[in-house]
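Engineer: pasted the sequence and its predicted model underneath.
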Amino acid sequence: MKLIILDRDGVINHDSDDYIKTPAEWIPIDGSIEAIARLYNSGWTVAVATNQSGLARGYYDSATLDAMHDKLRALLAEHHAKIGFIAYCPHGPEDDCQCRKPKAGLLEQISQHYQQPLTGAWFVGDSLRDLQAAMSVQAVPVLVKTGKGAQTAQQQLPEGTLVFQNLAEAVESLLKNTQ
C-alpha cells in the first residue's frame, strides 16, 4: 500500500486563528482537492492526522466536525476520489493526551488502522508539530508553505524536511519520483 498522511487545517483547507467551526468555514485551499484526487487516482491511500482542540474548547461538536469531513469527502467524490482514515485529536493543549501532535498518537492510530509501519511515508503539514510527529514515527517530514507553513519555514526544521509551496506541488513531486 502506498500511504501518505496529511494534516488538515492549513494543508487541505484554509486555516484560521479563530478556528474552523462550521462546514461553511471549511474552505479548501486552491488545488488541494485536485491534488488529493491525483494521489487517489494514482493508487495512493490518503489519510489525515489533525489536532482539533476546538472540540475541547467547545467551539463545535463532533457532529459538526463530521459534517466538515463529509464536505471534504463530497468534494473528493466529484473527482472520483476518496480520503481514507481520518485520525483527530479532540483534546486541548493542556490535556496532556498522547494523540495531540507533536506526539505520535494520531500517526500510530493510522499505522494500526492500515496495519502498516509509517517508516518512509510522507506526512505533509504546515507546522513544526506536524514535522516533529512525522519524525517520531520515522515518516518523511514534508512542509507546505500554506496555512502556517511560511512562518514554520523560518524555523529550524527537522533534518530531511522536504519543503513545497503547497499540497499540489508536493503531490507533483511525489508522483514524479515514485512512478
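Structural biologist: Structure's in. What do you need?
Engineer: can you list the buried residues in the longest helix anywhere in the chain?
Structural biologist: The residue-count maximum for a helix in the chain (DSSP state H) belongs to helix 62-77. Of the residues in helix 62-77, those scored as buried under the neighbour-count criterion (16 or more other Cβ atoms under 10 Å) are 64-65, 68-69, 71-72, 75-76. Bear in mind the C-beta positions are built from the backbone N, C-alpha and C, glycine included.
Engineer: what's next to that helix, contact-wise?
Structural biologist: Where contact means Cβ atoms under 8 Å, 6 or more residues apart in numbering, the residues beyond helix 62-77 that reach it are 12-13, 20-23, 26, 28, 33, 36-37, 40, 52, 55, 82-83, 86, 88, 90.
Engineer: and the strands in the protein?
Structural biologist: Counting by DSSP state E, the segments of the chain that form strands are 2-6, 44-51, 86-89, 122-125, 140-144, 162-164.
Engineer: name every strand pairing with the last one and say which way it goes.
Structural biologist: With DSSP bridges as the test, strand 162-164 is paired with strand 140-144 (parallel).
Engineer: got the CA coordinates for the strand it pairs with in PDB?
Structural biologist: C-alpha atoms of strand 140-144 as PDB (Å, rounded to 0.1, in the frame of the first residue of the first chain):
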ATOM      1  CA  VAL A 140       9.300  11.800   6.000                       C
ATOM      2  CA  PRO A 141       8.500  15.300   7.200                       C
ATOM      3  CA  VAL A 142       7.000  17.400   4.400                       C
ATOM      4  CA  LEU A 143       6.300  21.100   4.900                       C
ATOM      5  CA  VAL A 144       3.900  23.100   2.700                       C
END
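Engineer: number of residues surrounding the residue nearest to Arg57 when sequence neighbours are not counted?
Structural biologist: With Cβ to Cβ, 6 or more residues apart in numbering as the measure, Gly92 is the residue that lies nearest to Arg57, at 6.2 Å, once sequence neighbours are left out. Residue neighbour count, defined by other Cβ atoms under 10 Å, stands at 16 for Gly92.
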